[in-house]
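Colleague: sequence isn't available, so here's the structure alone:
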């Protein structure tokens with residue numbers, strides 16, 4: 001999970017978002033406690049708390065006092081997350097194609113050709 005271009009808490013948040021996208025985490029699923037997640041990711045509880053704050057700000061989780069943290073995402077939100085992920089992957093593809101000498105238009109053509117395979 002180590003991506004040196006992103007903070008660790010952002011990587012944890014992105015990991016949770018990918019789990020929502022793939023339906024590994026579904027609406028109303030209870031997340032492990034902050035301490036459990038910290039042990040799992042081998043980080044401090046504060047790092048996990050920062051990731052949870054990010055997810056809460058995005059409206060993807062909700063904290064229920066005395067109960068825990070729950071996934072709070074409907075299908076429309078999930079589809080938006082999927083579209084955002086596709087866009088990021090496409091933008092990374094265009095960037096990498098530019099680095100090896102393809103124009104944006106040439107890269108688009110190659111991308112569409114690859115989609116037809």
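Modeller: Right, received. Where do you want to start? Remember, it's a predicted structure, so these values are computed and weren't measured experimentally.

Colleague: spatially central, which residue of this structure would that be?
Modeller: Central residue of the chain (Cα atoms, centre = their mean): residue 14, 2.9 Å from the mean position.

Colleague: local confidence estimate at the closest residue to it other than its chain neighbours?
Modeller: Among residues not flanking residue 14 along the chain, residue 6 sits closest, at 7.3 Å (Cβ to Cβ, 6 or more residues apart in numbering). Bear in mind the C-beta positions are built from the backbone N, C-alpha and C, glycine included. At residue 6, the model reports a pLDDT of 89.

Colleague: how about residue 111?
Modeller: 87.

Colleague: how about the closest residue to it other than its chain neighbours, phi and psi?
Modeller: The shortest distance from residue 111 to any non-neighbouring residue, by Cβ to Cβ, 6+ apart, is to residue 93 (6.0 Å). Backbone torsions of residue 93, given as degrees, to the nearest 10, read phi -60, psi -50.

Colleague: what's the neighbour count on residue 93?
Modeller: Neighbour count for residue 93, taken as other Cβ atoms under 10 Å: 15.

Colleague: wait, it sits on residue 108?
Modeller: No. Counting by Cβ atoms under 8 Å, residue 108 is not a contact partner of residue 93; they are 9.5 Å apart.

Colleague: that's all I had, so thanks and see you.
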